[in-house]
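Novice: requesting a structural model of the entry that follows:
(chains A and B)
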Amino acid sequence: MASIALGGLFKSYGATPVVRGLSLDVREGELVSLLGPSGCGKTTTLRMLAGLEHPDSGVIRIGGETVTGPGVRVPPERRGLGMVFQSYAVWPHRSVEENVAYPLTLRRLAKAEVASRVKEALRWVRLEALATRRPHELSGGQLQRVALARALVASPRVLLLDEPLSNLDAALREELRAEIAALRARLGTTMVFVTHDQGEALALSDRIAVMNQGVIEQVDAPERLYREPATPFVAGFVGGANVLVGQVRDGAFHTAQGDTRFPLPPGTAAPDGPCTLVVRPEDLELGAEGTPLPLSARLFLGHAAEYRFPVGGTLLRVVGPPREVRAGEVLPVRIAKAKLFATG
Amino acid sequence: MKAASARWLGLGAWLVPILFFAVGPVGALLLRGTGAHGDAGLAWLASETGALGNTLGISAGAAALAFLLGAPLSLLLFRTDLPLRGAFTVLFTLPSAIPAFIWGMGWLSLASPRAGYLNRLLGDGAFDIYGPAGIAFVEGLSGLPLVLLAGAAALRRVDPALEEAARVCGASPLRALLTTTLPLALPSLLSGTVMVFLMAASSFGVPYLLGVSASPPTRVLTTRIYELVLLGGDAGLARASVLATALLLLTPLALLATWALGRSGRVRLSAGKGVASRLLPLGRARGSALVAVGLTCVLLVLLPLGAILLTSMQRSFGAELAWRELTLAHWSGVLLEPRTLRATGRSLLLAAGAGGLVCVLGLAAAVLQRSFRRLGAGVEALAVWPYAVPGTVVALALLLAFSRDLRFILLGRAAFVLALAHTPWLLLIAYAAKYLALGARNSAEALAQIDPSLAEAARVSGAGPVRAFVDAPLPLLRPALTVAFVLAFLACATEITMSVLLVPAGSEVLGTLLFELQSYADPAAAAVLACAFVALVVVGQSVLALVGRRTVEVR
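Specialist: The predicted structure follows:
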């Protein structure tokens, strides 16, 4: 177990900047997710932490020891980490136990100890029965468990997980997510978890760092991140909120494109001027008096329905009780609750 | 920083031998052939138009034969339900695994004007294998697998939905095959044909065997180069390098043609790997197709090999065909002779050494190719390119480059002399340079299949860079490296073209022994040796088949 400190990391591939001045502290025993769309630099950040990539500048400390910095470049094998790869990276020429034993063999432990620790690690991931199997005989979920056991067997200071669940089907993902949570409760290892799935991040993390275009937009506990997004991007990515660009005039929001007018609910802090409107689908209401909009599609979700309206160059999504309406009908839409971010 | 400089250090370490032993000598030969002797060289080249014309004509003939036989055969073997097509495929690909020289020997036994078995069965002078037509015939047959394999690869990639669409439009199965699949596979078949042309143009053994002693003698570029080198002297070598330059220029032209053909064909082929396509049922024609393919196979593949076997057991070539004339005396004589044993030992040692070099340098090329993105293509080109250079040219280049001892002085103190002329080392260099492509291609293809995260997982587990490579990707590359080693080993152990030019006096290898026995002395003894070659190739190919099956099981 160790704390992690990332300070001022920059990394570009050729002319393309990937990580642009990223700083993040992870406390001992904490699980922090790096959440963001593909290409936001989250995997690169994780790989720099592992020592598989070297930043152009910046400092990385693990447990107070500088592992990356000016003139310092501790190779991955001497960082005392465990890592689970998106592709599993289970060696196909080794059996399950040989895969798990590998980190211990490199540490020159006695055979008996290796055997007992491998057994224990396989018990953690419930694979004792498959110890002698070859990887090609295993399913995706089982392979990912092997990777997890291999990453944890040598008691790493930090466990890095690179989209460990994204190659699995929905049911397995649920199961393995619960298993990671259970392992964390038992071992208390510091973990950094990279994902593009906000549900995964919300369910597992102590804190989430939302990344966009190489920078962290917000780091917070899941609930706070959901309730109080610091930027329109976080609101859109984490809460699935509608994001509209426009300006406020006379207590109403006008979209920049098409100049559709939405009256704002009383009590919304809304100084006049250009801004971005963020409103969750469930915070929009149909019926009652509101802005009349043509319905383009209605999706039945079971407990509710999603209604889509083309507005301001995007689709405004409204979630509410299912109603008998048809595409093409004009329905009044009212904002019940919204957040505004001044721009420019 | 450290990792980056290690990368460049690796590139440097790989480049030094490649540049010094392969690129440098051939480059020097090119300079010598085009520059120094300028007009005199060109004027003199005009007097060699006969050899140049023969080379072009024979190669074109061989390519045409290979295409005319290969195109229908590949359709029959890979797109129809012809019985025994697996066995036929193995037999029809045999000609490229066995040196062309041996096929030449086989056809010489069958169709030499007076003593050939066919002529004695069918009456005097029915066939004459000597001369340009005979050479083109043998070259075309030994190049047949190039067309067949190119056709097989293309036919497997043609999306079966295209053919099905033609069927739905109302075409009969045969018509659908001929109007959709065949045109799509045609560019690949043609590029295979270009390779046959190139192979025939750079071939030495067959034109020597069937051309030099023909009347009138048929000379081609490779045999002229050989004669000029034997003649020796500065003038002879200078002329040889002019001819070699002319021969060398055929390579980029042919490769360009292949590239253009391949490009136009690739657009319309499905990108996916193997699409299981339905086979065309031959119906009532199945029986007659089987007979036709079977007869072709017997005539073109089995008959020449059988003729060699028969020659090896006859008391003397040309003797009456009767049971009492058969003897195993040649076999015991040749195989137990110290000369044969020494040549065998030398050949196997050289082939093993070259195979090892091919694997090590080829693997290094593949790794470098992966770690340098842009430069990688250059590394691949350097590794693969000597394969396309005719063996005669490679040998002549090395002969010229290392004819004198090279003196190196390190740091102004330690001097050492590189004396390679007239040593077997030059053969080792030639073999390794020529077949480096086998190692580079095989390991690059295998490495591309291996996810980089496998090595990274080893790094994070605590392994250093070298240990991580040895533990993670290397074991997975073993099948590919085994294939590369066996292919290079077989090619070197049976190599003739470069060997006859480079072998030092008194240290024969198998290839030169076969060449000498056949050319000067003893056809029966040569036939025994040829049988041994064939046996060696069959054993090697079986090893390859085994390796192939094992890797399939692992996956």
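Novice: now the element after the helix ranked longest in chain A, going C-ward?
Specialist: When chain A is parsed with DSSP state H, its longest helix is helix A:170-187. Later in the chain than helix A:170-187, the nearest helix or strand by DSSP states H and E is strand A:190-195.
Novice: off-centre distance for that following strand?
Specialist: Counting by CA atoms, centre = their mean, to the nearest Å, strand A:190-195 is centred 9 Å from the centre of its parent chain.
Novice: packing partners of the next helix or strand after that strand?
Specialist: Downstream of strand A:190-195, the next assigned helix or strand under DSSP H and E is helix A:198-204. Applying 3 or more CB pairs under 8 Å, 6 or more residues apart in numbering or on different chains; DSSP states H and E, one finds that helix A:198-204 contacts strand A:31-35, helix A:170-187, strand A:190-195, helix A:222-227, helix A:232-239. Where C-beta positions appear, they are placed from N, C-alpha and C, glycine not excepted.
Novice: low-confidence ranges in the stretch 1-150 of chain A?
Specialist: Along the stretch 1-150 of chain A, the model assigns pLDDT under 70 to no residue.
Novice: swap in the stretch 201-344 of chain A?
Specialist: Residue ranges of the stretch 201-344 of chain A with pLDDT under 70: A:344.
Novice: for it, what spans make up the strands?
Specialist: Using DSSP state E, counting those that start in this stretch, the strands found in the stretch 201-344 of chain A span residues A:207-212, A:215-220, A:242-249, A:252-255, A:261-263, A:273-279, A:284-294, A:297-300, A:305-311, A:314-320, A:330-335, A:339-342.
Novice: redo the helices and strands packed on helix A:198-204 as TSV? Include distance to chain B.
Specialist: Shown next, in TSV, are the helices and strands packed on helix A:198-204 (distance: least, CB to the nearest CB, whole Å):
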stretch	distance to chain B
strand A:31-35	17
helix A:170-187	17
strand A:190-195	13
helix A:222-227	27
helix A:232-239	26
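Novice: mind putting those in JSON lines, mean neighbour count included?
Specialist: Formatted as JSON lines, the helices and strands packed on helix A:198-204 follow (neighbours: other CB atoms under 10 Å in any protein chain shown):
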{"stretch": "strand A:31-35", "mean neighbour count": "26"}
{"stretch": "helix A:170-187", "mean neighbour count": "14"}
{"stretch": "strand A:190-195", "mean neighbour count": "25"}
{"stretch": "helix A:222-227", "mean neighbour count": "16"}
{"stretch": "helix A:232-239", "mean neighbour count": "22"}
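Novice: for B:Ala472, find the nearest of the ones you listed.
Specialist: strand A:190-195 (21.8 Å; CB to CB).
Novice: quick revisit: between the strands of the stretch 201-344 of chain A, which gets nearest to chain B?
Specialist: Minimum separation from chain B across these (CB to the nearest CB) falls at strand A:207-212, 21.1 Å.
Novice: contacts for the closest one?
Specialist: Strand A:207-212 has contacts (CB atoms under 8 Å, 6 or more residues apart in numbering or on different chains) with A:22, A:24, A:30-37, A:40-42, A:45, A:201-202, A:216-222, A:225, A:233-234, A:237-238.
Novice: repeat the analysis, applying 7 Å as the threshold.
Specialist: For strand A:207-212, contacts defined as CB atoms under 7 Å, 6 or more residues apart in numbering or on different chains pick out A:24, A:30, A:32-36, A:40-42, A:201, A:216-222, A:225, A:233-234, A:237-238.
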